[in-house]
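[1] Only the shape, not the letters, is given here:
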Ligand SMILES: Nc1ncnc2c1ncn2[C@@H]1O[C@H](COP(=O)(O)OP(=O)(O)OP(=O)(O)O)[C@@H](O)[C@H]1O
Ligand SMILES: C[C@H](N)[C@H](N)CCCCCC(=O)O
Ligand SMILES: [Mg+2]
């Protein structure tokens, strides 16, 4: 039974890294070898004098498997913009075989590879490649992170439709309260419980310290439909 999954979101900045790192910490705590992968990262910042990407750093910290950066993040781009534009600026071509080979190398080292997509599900990666193509190529069950704010119902339902249109399984979803002032938050969550037709893995309240260990307390991965279960 594999535990690999692809984490997407209703948008950029909705909690994919927070949820992915929380999932990694839970998977590691359950005794599995767990590693995070950010196939394409756009946006570098100087941390301790070196350029790195915050998502990559947080995923690495949350997992328990050592792996080269080239596998954990094959494409590390400077500009904080859509990956296809950031890559264009640097004259880099993002290629699917490179991404797939990196994932397969990680999957040989770990029981669980948590793959965090860039931005939302359809974010362009190259002229004829987007995040949905990558998810399809990897053939992983998808976990959708819904950034709970006004407008998220439409984004969540459209994303679920796009996931299924690619023949992928929506294995579960997580709500992350990114707007603490959202009106009727619970009723919005209940609406998605009824309409998404996928297990709710948890709702993250608006956390004063949005760290993996704190977020992990609000998730229950037992409902996560693994690849094997989906194939059954
Ligand atoms: N439930 C929450 N409570 C408090 N802060 C949150 C919550 N969810 C997300 N955040 C904050 O929102 C910001 C975006 O979260 P995160 O980096 O996980 O989003 P993302 O979807 O991974 O973004 P990107 O598309 O850039 O990868 C972060 O500062 C994070 O700490
Ligand atoms: C830079 C940001 N943090 C993400 N890595 C990339 C988000 C791309 C969004 C593209 C879009 O949907 O307009
Ligand atoms: Mg992220």
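    That came through, no problem. Since we're looking at a predicted model, the values are computed, not measured. Ligands and ions are numbered 1, 2, ... in the order given.
[2] When you work out contacts or count neighbours from here on, use the C-alpha atoms and nothing else.
    Fine.
[3] What sits closest to residue 79 if chain neighbours are left out?
    Using Cα to Cα, 6 or more residues apart in numbering and skipping the chain neighbours, the partner closest in space to residue 79 is residue 43 (4.8 Å).
[4] pLDDT value on that neighbour, please?
    The confidence metric pLDDT takes the value 97 at residue 43.
[5] One more: residue 223?
    We have a pLDDT of 87 for residue 223.
[6] ok, it touching residue 174?
    No - under the criterion of Cα atoms under 8 Å, residue 223 makes no contact with residue 174, lying 11.4 Å away.
[7] Enumerate every residue touching the residue nearest to residue 79.
    With contact set as Cα atoms under 8 Å, 6 or more residues apart in numbering, residue 43 has these partners: 53, 76-81.
[8] ok, 10 Å please
    Under the criterion of Cα atoms under 10 Å, 6 or more residues apart in numbering, the contact list for residue 43 reads 51-55, 76-83, 86.
[9] most surrounded residue in the residues you listed?
    Among these, the one with the most neighbours (other Cα atoms under 10 Å) is residue 83, at 27 neighbours.
[10] so that one sits right up against residue 91, yeah?
    No - assessed by Cα atoms under 10 Å, residue 83 is found out of contact with residue 91, at 11.8 Å.
[11] Can you name the residues of the chain sitting close to ligand 2?
    Neighbours of ligand 2 within the chain, by Cα under 6 Å from any ligand atom: 12, 41-43, 80-82, 118-120, 123.
[12] Up against ligand 1, what does the protein have?
    Where proximity means Cα under 6 Å from any ligand atom, the interface of the chain facing ligand 1 comprises 12-18, 118-119, 176-178, 204-207, 210.
[13] From those residues, list just the buried residues.
    Among the residues of the chain next to ligand 1, those scoring as buried are 12, 14-18, 118-119, 176-178, 204-205 (criterion: 16 or more other Cα atoms under 10 Å).
[14] Including secondary structure and pLDDT, could these go into JSON lines?
    As requested, those are exported to JSON lines (DSSP: H, G, I helix; E, B strand; the rest coil; pLDDT from 0 to 100):
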{"residue": "12", "secondary structure": "coil", "pLDDT": "98"}
{"residue": "14", "secondary structure": "coil", "pLDDT": "98"}
{"residue": "15", "secondary structure": "coil", "pLDDT": "98"}
{"residue": "16", "secondary structure": "helix", "pLDDT": "99"}
{"residue": "17", "secondary structure": "helix", "pLDDT": "98"}
{"residue": "18", "secondary structure": "helix", "pLDDT": "98"}
{"residue": "118", "secondary structure": "coil", "pLDDT": "98"}
{"residue": "119", "secondary structure": "coil", "pLDDT": "98"}
{"residue": "176", "secondary structure": "strand", "pLDDT": "98"}
{"residue": "177", "secondary structure": "coil", "pLDDT": "98"}
{"residue": "178", "secondary structure": "coil", "pLDDT": "98"}
{"residue": "204", "secondary structure": "strand", "pLDDT": "98"}
{"residue": "205", "secondary structure": "coil", "pLDDT": "98"}
